[in-house]
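> sequence below, structure please.
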Amino acid sequence: MSRDVISVDKPWTKDIAFSLGVASEDRLLFTAGITARDPQGKVVGAGDMRAQIDQCFRNVGDVLRAAGADYGDVLKWTMYTTDIVEYGRHGDVWRSYFVDKPASTLIEVSRFVVPEMLVEIEAVARVPRARG
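All right, here's what the predicted structure looks like:
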């Protein structure tokens, strides 16, 4: 099976040992765990769950667009957080990104590699056939 590595134009991604997204020949896109980083790789919203949720979803959107997809193509989200109760208080943020109610899983974890991170999101999406 062939695969296409999806990259986004953010300077910090040149230093990581994994792809932010990989699309398969059967038009499925799998993102990495996407965190709340700005284009230079700095954590956005340290201590602010709401800001991190929003930044995570914007970063997922960057990967979707780079693959030729959008939020409407997402089949499943998996969301990881260090505080499931606090995460739930910000449903208005993440609900604004959902289209057509994709499958979803929410998991509480004890911590992330970078201590300031409170949220990590990954997605599986279909990549539409080229239009035209």
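> so residue 30: helix, strand or coil?
Put simply, residue 30 is strand when judged by DSSP: H, G, I helix; E, B strand; the rest coil.
> what comes up buried for the longest helix seen in the chain?
Longest helix of the chain, by residue count under DSSP state H: helix 49-67. Going by neighbour count (16 or more other Cβ atoms under 10 Å), the buried part of helix 49-67 is 49-57, 59-64, 66-67. All C-beta atoms are positioned from the backbone trio N, CA, C, and that covers glycine.
> middle-most residue in the protein, spatially?
Nearest to the geometric centre of the chain sits residue 60, at 3.4 Å (Cα atoms, centre = their mean).
> OK, contacts around it?
31, 34, 97, 121, 122, 123 (Cβ atoms under 8 Å, 6 or more residues apart in numbering).
> how about it: what's its closest non-neighbour residue?
The spatial neighbour of residue 60 that comes closest, neighbours along the chain excluded (Cβ to Cβ, 6 or more residues apart in numbering), is residue 34 at 4.9 Å.
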